[in-house]
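# Sequence and predicted structure, then a few things I'm wondering about:
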Amino acid sequence: MSKPRDRFYKDVSVEGGKDGFSILLDGKPIRTPSGAALNLPTRALADAVAEEWRAQGPKIDPLTMKLTKLANTAIDRVGTDRPLAVEQIIGFARSDLVCYRAEGPAGLVARQREQWDKLIAWAKTRHAIDLKTASGITFIDQPPEALSALARTLEAHDDFALTGLNAAATLMGSALIALALIDGRLSAGEAFAAAELDRLHQEEVWGRDDEADRVARAKSEELMEIARFFGLLKT
């Protein structure tokens, strides 16, 4: 779904089955954009997706249906090519936001060390992912064993969780922050603050910018929906 279209249904319901849970529109199951059955793994996620469909007005607005979009992506894209999804997330780890540190000013350097070092230590302890850091613009070749450990961690997740991880890593530029979010190491607010650390520091020094605030709010709202998606998968 990409453009608004006329609403064509009245009733929305959820049906359970051997393959999970389906959303019915006037008794007919929803299909993904590729024509696959929209089978969801938990009742909680199915109920939330159904509510997105119920909440539509005379026009169906895909931009207001973020959970539906994630579910479609899990089935149509990640489910048909898991290795690509894993490699995309590993790509973020190769140049992970938390691994590249400022050389100054001192306040920003200290803030990065305080928040990001904890994430790197957590990833090493929790997942055996030992990423290296550098200051300035120097590119880091991350250890192959660290990337292999990340791959094993990602492959342990199902298609839906992997979809959320990919979306979070893309939004924040960090595979580690995405992992911390799905593991519950960081809340959505904490994950957003970690990813926006540099911007927040600049804001404190130079003041707020309306356009930057607008972009940040949109990113924060999207991250909240990804975190909600993770929670619904575990319910």
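Okay, I see it.

# May I ask you to name the longest helix in the chain?
What stands out as the longest helix in the chain, according to DSSP state H, is helix 210-234.

# surely residue 27 meets residue 11?
Yes - contact status for residue 27 versus residue 11: in contact at 7.3 Å, counting by CB atoms under 8 Å. Every residue, glycine included, has its C-beta placed from N, CA and C.

# Determine the set of other helices and strands touching the lowest-mean-pLDDT helix or strand in the chain.
Using mean pLDDT, DSSP states H and E, the weakest-scoring helix or strand in the chain turns out to be helix 197-206, at a mean of 86. Identification of packing neighbours for helix 197-206 by 3 or more CB pairs under 8 Å, 6 or more residues apart in numbering; DSSP states H and E yields helix 106-127, helix 210-234.

# In a markdown table, list those along with mean pLDDT.
What follows is the helices and strands packed on helix 197-206, written out as a markdown table (pLDDT from 0 to 100):
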| stretch | mean pLDDT |
| --- | --- |
| helix 106-127 | 96 |
| helix 210-234 | 95 |
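
# Turn those helices into CSV, including mean neighbour count and distance to residue 147.
Formatted as CSV, the helices and strands packed on helix 197-206 follow (neighbours: other CB atoms under 10 Å; distance: least, CB to CB, whole Å):
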stretch, mean neighbour count, distance to residue 147
helix 106-127, 15, 12
helix 210-234, 16, 23
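
# Present those as TSV; the columns should include distance to residue 145.
Supplementary listing: those in TSV, determined by distance: least, CB to CB, whole Å:
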stretch	distance to residue 145
helix 106-127	11
helix 210-234	27
